[in-house]
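Asks: Sharing a model that was predicted from the sequence below.
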Amino acid sequence: MIRRITKHGETVLKKTSAAVDYQAVRAELPKLLADMWETMHAANGVGLAAPQVGLAMRLAVIDVKPEGRSEPLVLINPEILEREGAVTDEEGCLSVPGLYARVSRHRRVRVRALDENGQPWERTGTGLLARAFEHEVDHLDGKLFIDHLDLVRRLKVAGVLKDLKKTWD
(Lines give C-alpha, C1' and ligand atoms only; values in the text may rest on other atoms or scores of the structure.)
Protein backbone atom coordinates (compact mmCIF):
# COMPACT_ATOMS: atom_id res chain seq x y z
CA MET A 1 0.00 0.00 0.00
CA ILE A 2 1.33 3.42 -0.92
CA ARG A 3 1.37 5.62 2.15
CA ARG A 4 1.09 9.39 2.29
CA ILE A 5 4.51 11.04 2.52
CA THR A 6 4.72 13.66 5.27
CA LYS A 7 5.78 17.13 4.15
CA HIS A 8 8.03 19.85 5.52
CA GLY A 9 6.28 21.54 8.43
CA GLU A 10 4.72 18.38 9.86
CA THR A 11 5.76 17.72 13.46
CA VAL A 12 6.91 14.12 13.00
CA LEU A 13 9.71 15.31 10.69
CA LYS A 14 11.23 17.45 13.45
CA LYS A 15 11.18 14.80 16.20
CA THR A 16 14.01 12.46 17.11
CA SER A 17 12.67 8.99 16.38
CA ALA A 18 12.50 6.30 19.04
CA ALA A 19 14.66 3.20 18.80
CA VAL A 20 12.91 0.18 17.36
CA ASP A 21 12.35 -2.83 19.61
CA TYR A 22 12.73 -5.44 16.89
CA GLN A 23 10.92 -8.19 18.82
CA ALA A 24 7.96 -5.90 19.51
CA VAL A 25 7.49 -4.96 15.83
CA ARG A 26 8.64 -8.18 14.17
CA ALA A 27 5.13 -9.31 13.23
CA GLU A 28 4.14 -5.96 11.65
CA LEU A 29 7.53 -5.27 10.05
CA PRO A 30 7.07 -7.14 6.74
CA LYS A 31 3.88 -5.18 5.92
CA LEU A 32 5.39 -1.87 7.01
CA LEU A 33 8.54 -2.47 4.94
CA ALA A 34 6.49 -3.53 1.90
CA ASP A 35 4.50 -0.30 2.23
CA MET A 36 7.65 1.77 2.59
CA TRP A 37 9.27 0.17 -0.48
CA GLU A 38 6.10 0.67 -2.53
CA THR A 39 5.79 4.29 -1.37
CA MET A 40 9.45 5.04 -2.11
CA HIS A 41 9.32 3.49 -5.58
CA ALA A 42 6.03 5.22 -6.45
CA ALA A 43 7.66 8.56 -5.59
CA ASN A 44 10.86 7.71 -7.52
CA GLY A 45 12.97 8.00 -4.38
CA VAL A 46 16.18 6.27 -3.38
CA GLY A 47 15.45 6.29 0.35
CA LEU A 48 12.58 6.67 2.77
CA ALA A 49 12.58 7.00 6.55
CA ALA A 50 9.71 6.01 8.83
CA PRO A 51 9.00 9.66 9.84
CA GLN A 52 8.27 10.33 6.17
CA VAL A 53 5.28 8.00 6.46
CA GLY A 54 4.27 9.44 9.83
CA LEU A 55 6.04 7.01 12.16
CA ALA A 56 8.58 8.31 14.69
CA MET A 57 10.67 5.14 14.70
CA ARG A 58 14.31 4.55 13.75
CA LEU A 59 13.67 2.69 10.50
CA ALA A 60 14.62 3.51 6.92
CA VAL A 61 14.92 1.85 3.52
CA ILE A 62 17.45 2.70 0.83
CA ASP A 63 18.02 1.51 -2.72
CA VAL A 64 20.37 3.70 -4.76
CA LYS A 65 20.45 1.06 -7.54
CA PRO A 66 24.23 0.85 -8.00
CA GLU A 67 25.06 0.11 -11.64
CA GLY A 68 21.33 0.00 -12.37
CA ARG A 69 20.74 -3.06 -10.16
CA SER A 70 18.40 -2.99 -7.20
CA GLU A 71 20.22 -3.44 -3.89
CA PRO A 72 17.62 -2.80 -1.19
CA LEU A 73 18.87 -2.02 2.30
CA VAL A 74 16.76 -1.99 5.46
CA LEU A 75 18.16 0.10 8.30
CA ILE A 76 16.71 -0.53 11.74
CA ASN A 77 18.27 1.60 14.48
CA PRO A 78 21.08 2.77 12.19
CA GLU A 79 24.10 4.51 13.61
CA ILE A 80 26.85 6.23 11.71
CA LEU A 81 30.22 4.87 12.78
CA GLU A 82 32.59 6.82 10.54
CA ARG A 83 32.51 9.77 8.16
CA GLU A 84 35.33 10.87 5.88
CA GLY A 85 35.93 13.53 3.28
CA ALA A 86 33.49 16.11 2.05
CA VAL A 87 31.50 16.56 -1.12
CA THR A 88 28.85 19.08 -2.08
CA ASP A 89 26.12 18.02 -4.47
CA GLU A 90 22.49 18.70 -5.27
CA GLU A 91 20.02 17.01 -2.96
CA GLY A 92 16.28 16.74 -2.74
CA CYS A 93 13.77 15.04 -0.47
CA LEU A 94 10.41 13.36 -0.88
CA SER A 95 9.18 15.42 2.10
CA VAL A 96 10.16 18.67 0.38
CA PRO A 97 8.97 17.93 -3.16
CA GLY A 98 10.18 20.30 -5.84
CA LEU A 99 13.06 21.80 -3.86
CA TYR A 100 16.68 20.95 -4.57
CA ALA A 101 19.76 22.52 -3.06
CA ARG A 102 23.50 21.93 -2.93
CA VAL A 103 24.31 20.29 0.40
CA SER A 104 27.66 19.25 1.84
CA ARG A 105 27.84 15.66 3.01
CA HIS A 106 30.62 13.19 3.64
CA ARG A 107 32.24 11.31 0.77
CA ARG A 108 32.48 8.04 2.72
CA VAL A 109 30.10 6.91 5.49
CA ARG A 110 30.14 3.69 7.53
CA VAL A 111 26.82 2.57 9.06
CA ARG A 112 25.76 -0.17 11.44
CA ALA A 113 22.10 -1.27 11.63
CA LEU A 114 19.79 -4.25 11.90
CA ASP A 115 18.24 -5.73 8.76
CA GLU A 116 14.64 -6.82 8.27
CA ASN A 117 15.41 -10.10 10.09
CA GLY A 118 16.89 -8.36 13.11
CA GLN A 119 20.44 -9.28 12.07
CA PRO A 120 23.22 -6.71 12.56
CA TRP A 121 25.17 -5.51 9.53
CA GLU A 122 27.75 -2.85 8.72
CA ARG A 123 28.45 -1.21 5.42
CA THR A 124 30.58 1.56 4.03
CA GLY A 125 28.95 3.72 1.41
CA THR A 126 30.49 6.17 -1.00
CA GLY A 127 28.87 8.56 -3.46
CA LEU A 128 25.08 8.44 -3.51
CA LEU A 129 24.94 5.65 -0.90
CA ALA A 130 26.98 7.72 1.58
CA ARG A 131 24.67 10.69 0.94
CA ALA A 132 21.58 8.47 1.39
CA PHE A 133 22.93 7.05 4.68
CA GLU A 134 23.38 10.55 6.10
CA HIS A 135 20.10 11.86 4.63
CA GLU A 136 17.98 9.04 6.10
CA VAL A 137 19.71 9.08 9.50
CA ASP A 138 19.08 12.84 9.55
CA HIS A 139 15.35 12.11 9.15
CA LEU A 140 15.53 9.81 12.18
CA ASP A 141 17.19 12.64 14.12
CA GLY A 142 14.49 15.15 13.16
CA LYS A 143 16.49 16.95 10.48
CA LEU A 144 15.82 17.74 6.83
CA PHE A 145 18.43 18.41 4.17
CA ILE A 146 17.51 22.11 4.21
CA ASP A 147 18.66 22.26 7.85
CA HIS A 148 22.21 21.93 6.47
CA LEU A 149 21.94 25.14 4.45
CA ASP A 150 23.65 28.27 5.72
CA LEU A 151 21.49 31.21 6.77
CA VAL A 152 21.74 33.02 3.43
CA ARG A 153 20.67 29.94 1.47
CA ARG A 154 17.89 29.17 3.96
CA LEU A 155 16.51 32.63 3.46
CA LYS A 156 16.68 32.17 -0.32
CA VAL A 157 14.71 28.91 -0.20
CA ALA A 158 12.14 30.20 2.33
CA GLY A 159 10.13 31.96 -0.38
CA VAL A 160 10.39 28.96 -2.69
CA LEU A 161 9.21 26.69 0.14
CA LYS A 162 6.22 28.92 0.81
CA ASP A 163 5.18 28.73 -2.85
CA LEU A 164 5.82 24.97 -3.04
CA LYS A 165 3.70 24.27 0.04
CA LYS A 166 0.67 25.57 -1.87
CA THR A 167 1.10 22.72 -4.36
CA TRP A 168 1.48 19.89 -1.82
CA ASP A 169 -1.42 17.64 -0.92
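Replies: Perfect, I can see it now. Numbers count the residues shown, from 1 in each chain.

Asks: make it CA atoms for all contacts and neighbour counts henceforth
Replies: OK.

Asks: Name the residues of the strand ranked longest in the chain that are buried.
Replies: Of all the segments of type strand in the chain, defined by DSSP state E, the longest one is strand 73-84. Burial within strand 73-84, assessed by neighbour count using 16 or more other Cα atoms under 10 Å, is assigned to 73-80, 83.

Asks: I'd like the residues you listed laid out as a markdown table, including pLDDT and distance to Leu99.
Replies: Conversion of those to a markdown table gives the following (pLDDT from 0 to 100; distance: Cα to Cα, whole Å):
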| residue | pLDDT | distance to Leu99 |
| --- | --- | --- |
| Leu73 | 98 | 25 |
| Val74 | 98 | 26 |
| Leu75 | 98 | 25 |
| Ile76 | 98 | 27 |
| Asn77 | 98 | 28 |
| Pro78 | 98 | 26 |
| Glu79 | 98 | 27 |
| Ile80 | 98 | 26 |
| Arg83 | 98 | 26 |
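
Asks: Serialize those residues to JSON lines and add fields for distance to Gln23.
Replies: What follows is these, written out as JSON lines (distance: Cα to Cα, whole Å):
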{"residue": "Leu73", "distance to Gln23": "19"}
{"residue": "Val74", "distance to Gln23": "16"}
{"residue": "Leu75", "distance to Gln23": "15"}
{"residue": "Ile76", "distance to Gln23": "12"}
{"residue": "Asn77", "distance to Gln23": "13"}
{"residue": "Pro78", "distance to Gln23": "16"}
{"residue": "Glu79", "distance to Gln23": "19"}
{"residue": "Ile80", "distance to Gln23": "23"}
{"residue": "Arg83", "distance to Gln23": "30"}
